[in-house]
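> could you look at this predicted model? Sequence included:
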Amino acid sequence: PCPAYKFTHVSDFDTNGYLHWVGTKGNTQAYQNPQRRGAVRTDASSEDRNYFAGAHSFVQGKEWDGKQNRTKDNAGPNQWLSVAMLNGDAFEVNHYCLRHGNSNGWNRLRSWELQGREGDSAGWVTLCKHTNDQALADKGFATAGWAVEGGKGSFSQFRVLQTGPNSDGNNHLMCAGLELY
C-alpha cells in the first residue's frame, strides 16, 4: 500500500498526483520521470518508431519532454499503454488525467478504458469507461481529467486501453502523459 499520503487532484498534471510523488521520491528531490527513476515500469502494445518517444513518455507529468508518443496504427484495434508500480505501492484511483500524444490536434482518444489490476496474473478491471469522449481538445498535447468512481479496489498496475478508433478513425493510441490521483 501507499504511504499515508493523499493524492488529491486540483488541476490536470499538478504536483499532487502519484506519478509526480514517486518522480520526486516523495517530494524530497527534483522531479525525474518515474520510470527513469526506477519507481515504475511502462509498456506498450506496439511502438510507432517514427513517433514513439518511448513507453516512459506515458508517465510524464507536468515536466514532460514535448515529444510525440503513439502506438502503431497498423497494429490493429485495442492498443494500450500501461504502468506498473515497482515499490509495492497499490492504491484506489479517484481521478486521473491524460495528455494527448501529438503536436497537432489529430488522432485524439475518443473511446477507451482506464483499467487496473493487482499482479501480473490478475485480470484487468475497468475503472472508468469512455465512449466518444470529446474532452481532449482539438489541439496539440491537450490535457483533460476525469473522476473515477470508487469501490473497485486498490491496484498496482494501470493501463489505458483504446476501445475504438481515435478522432480521425485510426488505431493510433496517442498519449504523452498520465497522472493518477
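Sure, I can see it.
> just for the protein, where's the confidence low?
The chain contains residues with pLDDT under 70 at 1-4, 51-52.
> ok, 50 please
The chain contains residues with pLDDT under 50 at 1.
> all strands of it, in order?
Using DSSP state E, the strands found in the chain span residues 40-44, 80-85, 95-100, 112-117, 125-130, 143-147, 157-162, 175-180.
> so the last one versus strand 143-147, what angle?
What it means is strand 175-180. Counting by axes from the mean of the first three to the mean of the last three C-alpha atoms, to 10 degrees, strand 175-180 lies at 30 degrees to strand 143-147.
> out of the strands of the chain, flag the one nearest Q29.
Of all these, strand 40-44 sits nearest to Q29, with 15.7 Å by C-beta to C-beta. In short, each C-beta sits where N, CA and C put it, glycine included.
> the closest one: how far from the chain's middle?
Relative to the mean C-alpha coordinate of its chain, strand 40-44 is positioned 10 Å out (C-alpha atoms, centre = their mean, to the nearest Å).
> packing partners of that strand?
helix 34-37, strand 80-85 (3 or more C-beta pairs under 8 Å, 6 or more residues apart in numbering; DSSP states H and E).
> which of these sits most buried?
Mean neighbour count (mean count of other C-beta atoms under 10 Å) peaks for strand 80-85 among the helices and strands packed on strand 40-44, with a mean of 22.
> one step back: among the strands of the chain, which is nearest E63?
Smallest distance to E63 across these (C-beta to C-beta): 10.2 Å, for strand 175-180.
> who's sitting farthest from the centroid in this structure?
What lies farthest from the middle of the chain is T28; by C-alpha atoms, centre = their mean that is 23.3 Å.
> measure that residue to F91 for me?
Separation of T28 from F91 (C-beta to C-beta, to the nearest Å) stands at 19 Å.
> ok, S103 next?
In this view, S103 and F91 are 32 Å apart by C-beta to C-beta.
> and these two? which has more neighbours close in?
F91 (19 against 14; other C-beta atoms under 10 Å).
> surely that one meets G17?
No. Using C-beta atoms under 8 Å, F91 is not in contact with G17; the gap is 11.0 Å.
> which neighbours do those two share?
F7, L180 (C-beta atoms under 8 Å, 6 or more residues apart in numbering).
> residue contacts, Y5?
By C-beta under 8 Å, 6+ apart, the residues touching Y5 are W21, G26.
> over to L114?
If you count contacts by C-beta under 8 Å, 6+ apart, then L114 has V93, Y96, T126, L127, C128, W146, V148, F158, R159, V160 around it.
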